[in-house]
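# Quick one: sequence plus predicted model below, questions after.
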Amino acid sequence: MPPTLAGRLDERRARTFVGREAELEVFAALLARADDPAVVVVHGPAGVGKSALLVEFGRRAEAAGAECVRIDARDLPPTAEALEFRLSGLLDAEPARRPVVLIDTYELLADVDVVLREQLAPRFPAETVLVMAGQHPPATGWRLDAGWSALLQPMPLRNLTRHESSTYLTLRGVPDEVQADAFALTHGHPMALALVGQIVRQKGVLAEADSADVIRALLDRLLPSVPGRAHREALEAAAHVRTVNEALLGTLLDTDDPGALFDWLRALPFVEAGATGLHLHDLVREGLVADLRWRHPERSATVHDRARQFYLDRMGVGDPAVQVGLMLDLIYLHPRLRVFLQPPTDDAPLFLDAARSEDAAGLVAAVRRHEGERSAHWAAHWLDQHLTAWRVVRGRDGVAQGAVCLLPLEQLGEVADPAVRAARVELAGHPPLRPGETNTLIRFWFATADHQAVSAVQSLIATQFARHFLTTPGLAVTLMSFAHPHEWEAFCAYADQRRAPAADFDVDGLRFASFVHDWRIATAAAWVARLSLQELGADETAAPAIHARTLVLDEQEFATAARQAIKDYTRPDRLRHSALLGSRLVATRSAADGAAAERVDALKTVLKDAAETLAVAARDRRLHRVIVRAYLAPAPTLERAAEVLDMPYSTFRRLLGTALDRVVALLWQQELDS
């Protein structure tokens, strides 16, 4: 036979096929059992490489001497008669070679699945290997039938690994320097990688606009037919959160009956069901979130608001496992924190637990390995003296895989631990504790395997940090240290942890860099509000400096001064005379002996930050716009401000009064907590 173009194409496909070693091994094993039938169901979302795998299956089956029957459901009507006609050569036949039936795009034949299973496939030769590739897992009939289930081999397809993606791109002429960005964009989705390869071959680079085109093309392919607006909104809502269950979906959509939408989501090929709910594949998730944020930023913000409040409302639940899950969910709302988050998987579950005396030897050995003999001595000391200050991360076998030690500094007495001594040097510059308050030193935190590197163990430890911040009564100051601070600088800046060199310490030649947060100045509520603004895309402000208290004002004096200061926000000459310059709230934001201009700037920051909290919740954003137009970025007159906001003057005045009351109340609470 003369060479044909089809032959050249097949050769090219074979040379550029990448990955799927596990799937090919399973298929090879099935072929090796010459007399045994099998039913393989390859399933996964559009573009994940099902068709390419079927082509490779066919090539290898023919090389092994099998007779392949190839059917693409796109090429025939979805009727029993059409399918029977295409399979007629196999029905009740005795072929000379082993039959392998390859049916692609099988989701289009859903209406005749029963016919294939009950009428046609039973008439295949006894040693037939039937392979069906589609977007959905095997139908119930295949899984529940005693005969078929014994032959069934489900084969879910995932994205390519980083190494496989690199090989894939190299074979398509994409230079090494572009490959990291390509993988970050595509998460190894084969169709997305192919699109990136095509763009780079044409342009030589991968620009931001090109990335948007790739995501848009993939969404068009993955979401060809969403039944209606409610379904689209359910998809978009689910994309914003780590996992979604029915209760959360109802909150995100503001509906009491989300059951039908939840069931629809559950059946989608790019949605997986886990122990805590449904989650979308990363590529689809990021595409939907980016598209909604561009197309309808208000709805995107509303979804975030509802999700955050859903988690915070449930933080009071006493079950630590529930709280850990909620903290993972809260952290996930912040895209810039996700690089520090690797949640445990269903296959390798982890959980936080109280430390036990039998954990001590393993934990001390891990500290010795990562931090040295002297640190191990202090780990053993605190495990012996304050075992209740430790929490451990356990695996399925119960063995501690990591730990965190949160010491109450005021309870420790005199001790030679260099971390404790350095922490007390830092705290000397903070206001003293009031009755019922506590300072926490996060003395140790580590995974036994990889210390303070990003890992699933470290992610659970991070949830313990946040849980401690949000739920500890009377928490005043927290200090935490890092053996490799450069890896965590972005995390600390985003999470409002201020560098505290006075609390740095050395042990066995290893330098630990410390970070501090004063919860009496930036309260837990204010901290969440600040994170929430960043979550929605606002620029984070620099963490405030912390200094000693000064003047004490009573509530009425403070309220009067606060109202006037807000009205004088754009008049530094007037703010120079504000009584708030001597308040504890402003004193913590500037040096006690600082210039007047510095203290005025600190006062303006305090006022602006308080007003910005009104922008967090969707229901309060009108209040935020009103106070901004009235005083922070004012129109010439209040009447003109009302016109700019397109609202009646009486409504504007009423909302302005409410906004002032809310901001003054928040400032007073912060003053009390300072």
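Everything's here; your move.
# Helix, strand or coil: sort out residue 58 for me.
helix (DSSP: H, G, I helix; E, B strand; the rest coil).
# same deal with residue 102?
strand.
# residue closest to the middle of this protein?
Most central in the chain under C-alpha atoms, centre = their mean is residue 332, positioned 3.2 Å from the mean C-alpha point.
# and the gap between that one and residue 603?
36 Å (C-beta to C-beta, to the nearest Å). Backbone N, C-alpha and C define where each C-beta goes, glycine included.
# ok, back up a step: name the nearest residue to the residue nearest to the centre of the chain, sequence neighbours excluded.
With C-beta to C-beta, 6 or more residues apart in numbering as the criterion, residue 332 has its nearest non-adjacent residue at 3.9 Å, and that residue is residue 242.
# I'd assumed residue 329 was in contact with that neighbour.
Yes. Under the criterion of C-beta atoms under 8 Å, residue 242 makes contact with residue 329 at 5.1 Å.
# Of the two, which one has the most company?
Counted by other C-beta atoms under 10 Å, residue 242 and residue 329 do not tie: residue 329 has more neighbours, with 23 against 20.
# Tell me which stretches of the stretch 151-300 of the chain form helices.
Here the stretch 151-300 of the chain has its helices, by DSSP state H, counting those that start in this stretch, at 162-171, 176-186, 190-203, 208-222, 229-239, 246-253, 259-266, 282-295, 297-313.
# Can I get the fifth one as PDB, trimmed to CA atoms?
Extracted in PDB, the C-alpha atoms of helix 229-239 (Å, rounded to 0.1, in the frame of the first residue of the first chain):
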ATOM      1  CA  ARG A 229     -29.600  31.800  34.300                       C
ATOM      2  CA  ALA A 230     -30.100  30.100  37.700                       C
ATOM      3  CA  HIS A 231     -27.800  27.200  36.600                       C
ATOM      4  CA  ARG A 232     -25.100  29.700  35.400                       C
ATOM      5  CA  GLU A 233     -25.300  31.600  38.700                       C
ATOM      6  CA  ALA A 234     -25.000  28.300  40.600                       C
ATOM      7  CA  LEU A 235     -21.900  27.400  38.600                       C
ATOM      8  CA  GLU A 236     -20.400  30.900  39.200                       C
ATOM      9  CA  ALA A 237     -21.200  30.700  42.900                       C
ATOM     10  CA  ALA A 238     -19.600  27.200  43.300                       C
ATOM     11  CA  ALA A 239     -16.500  28.400  41.500                       C
END
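# Tell me the helices and strands packed up against that helix.
Using 3 or more C-beta pairs under 8 Å, 6 or more residues apart in numbering; DSSP states H and E, the elements in contact with helix 229-239 are helix 246-253, helix 259-266, strand 278-280, helix 282-295, helix 297-313.
# Equivalent analysis for the first one, please.
Counting contacts by 3+ C-beta pairs under 8 Å, 6+ apart, the secondary-structure elements packed against helix 162-171 are helix 5-16, helix 176-186, helix 190-203.
# And it, how far out from the chain middle?
The chain centroid and the centroid of helix 162-171 are separated by 25 Å under C-alpha atoms, centre = their mean, to the nearest Å.
# Show me which residues of it are buried.
164, 165, 166, 167, 168, 169 (16 or more other C-beta atoms under 10 Å).
# Closest one of those to residue 20?
residue 164 (8.5 Å; C-beta to C-beta).
# hang on, the earlier thing: contacting residues for the residue nearest to residue 332?
Counting by C-beta atoms under 8 Å, 6 or more residues apart in numbering, residue 242 makes contact with 279, 328, 329, 332, 343.
# and the third one, helix, strand or coil?
Classification of residue 329 by three-state DSSP places it in helix.
# cool, and residue 406?
Secondary structure of residue 406, reduced to three states by three-state DSSP: strand.
# that older thread, out of the helices and strands packed on helix 162-171, which gets nearest to residue 127?
Closest among the helices and strands packed on helix 162-171, using C-beta to C-beta: helix 5-16, at 25.4 Å.
# Secondary structure element for residue 443, which one?
strand 438-447 (DSSP states H and E).
# How far away from the center of its chain is stretch 556-567?
The answer for stretch 556-567 is 41 Å, by C-alpha atoms, centre = their mean.
# what do you get for stretch 8-28?
Distance, centroid of stretch 8-28 to centroid of chain: 33 Å (C-alpha atoms, centre = their mean).
# List the neighbours of it that are in contact with it.
40, 42, 49, 52-53, 55-57, 59-61, 131, 153, 155, 157, 160-161, 164, 167-168, 171-172.
# can you check stretch 468-480 too?
The contact list for stretch 468-480, computed with C-beta under 8 Å, 6+ apart, reads 315, 323, 406, 423, 426-427, 430, 433-434, 436-442, 445, 465, 497, 500, 503, 514-520, 524, 527-528.
# End to end on it, go ahead and measure it.
12 Å (C-alpha to C-alpha, to the nearest Å).
# Please check the contacts of stretch 468-480 and keep the buried ones.
Among those, those buried by neighbour count (16+ other C-beta under 10 Å) are 323, 406, 423, 426-427, 430, 433, 437-442, 445, 465, 497, 500, 503, 514-520, 524, 527-528.
# in the longest helix along the chain, what's buried?
Counting residues, the longest helix found in the chain (DSSP state H) is helix 649-673. Neighbour-count burial for helix 649-673 flags 652, 655-656, 658-660, 662-664, 666-668, 670-671, 673 (criterion: 16+ other C-beta under 10 Å).
# what packs against that helix?
Looks like helix 649-673 contacts helix 555-567, helix 584-587, helix 596-612, helix 621-627, helix 638-644 (3+ C-beta pairs under 8 Å, 6+ apart).
# Deepest in the core, which of the ones you listed is it.
Most buried of those by mean neighbour count (mean count of other C-beta atoms under 10 Å) is helix 584-587; its value is a mean of 24.
# which one of the helices of the stretch 151-300 of the chain lies closest to residue 83?
Comparing those against residue 83 with C-beta to C-beta, the closest turns out to be helix 208-222 (25.3 Å).
# May I have stretch 260-278 as PDB, with CA atoms only?
Only the C-alpha atoms of stretch 260-278 are listed here, as PDB (Å, rounded to 0.1, in the frame of the first residue of the first chain):
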ATOM      1  CA  ALA A 260     -32.200  20.700  42.000                       C
ATOM      2  CA  LEU A 261     -29.300  23.100  41.200                       C
ATOM      3  CA  PHE A 262     -27.000  21.100  43.500                       C
ATOM      4  CA  ASP A 263     -28.000  17.800  41.800                       C
ATOM      5  CA  TRP A 264     -27.300  19.400  38.400                       C
ATOM      6  CA  LEU A 265     -23.900  20.600  39.500                       C
ATOM      7  CA  ARG A 266     -23.100  17.200  40.800                       C
ATOM      8  CA  ALA A 267     -23.600  15.600  37.400                       C
ATOM      9  CA  LEU A 268     -21.300  17.900  35.500                       C
ATOM     10  CA  PRO A 269     -18.100  16.200  34.100                       C
ATOM     11  CA  PHE A 270     -15.800  18.900  35.500                       C
ATOM     12  CA  VAL A 271     -17.300  18.700  39.000                       C
ATOM     13  CA  GLU A 272     -16.000  16.200  41.600                       C
ATOM     14  CA  ALA A 273     -17.700  15.000  44.800                       C
ATOM     15  CA  GLY A 274     -15.500  14.900  47.900                       C
ATOM     16  CA  ALA A 275     -16.000  14.200  51.600                       C
ATOM     17  CA  THR A 276     -17.100  17.800  52.300                       C
ATOM     18  CA  GLY A 277     -19.000  18.700  49.100                       C
ATOM     19  CA  LEU A 278     -18.500  19.400  45.400                       C
END
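# what residues does it touch?
43-46, 107, 135-136, 222, 227, 230-231, 234-235, 238, 243-246, 248-249, 253, 279-281, 284, 325, 346, 349.
# same deal with stretch 380-390?
Outside stretch 380-390, the residues that touch it by C-beta under 8 Å, 6+ apart are 354-357, 359-360, 363-364, 403-408, 417, 443-444.
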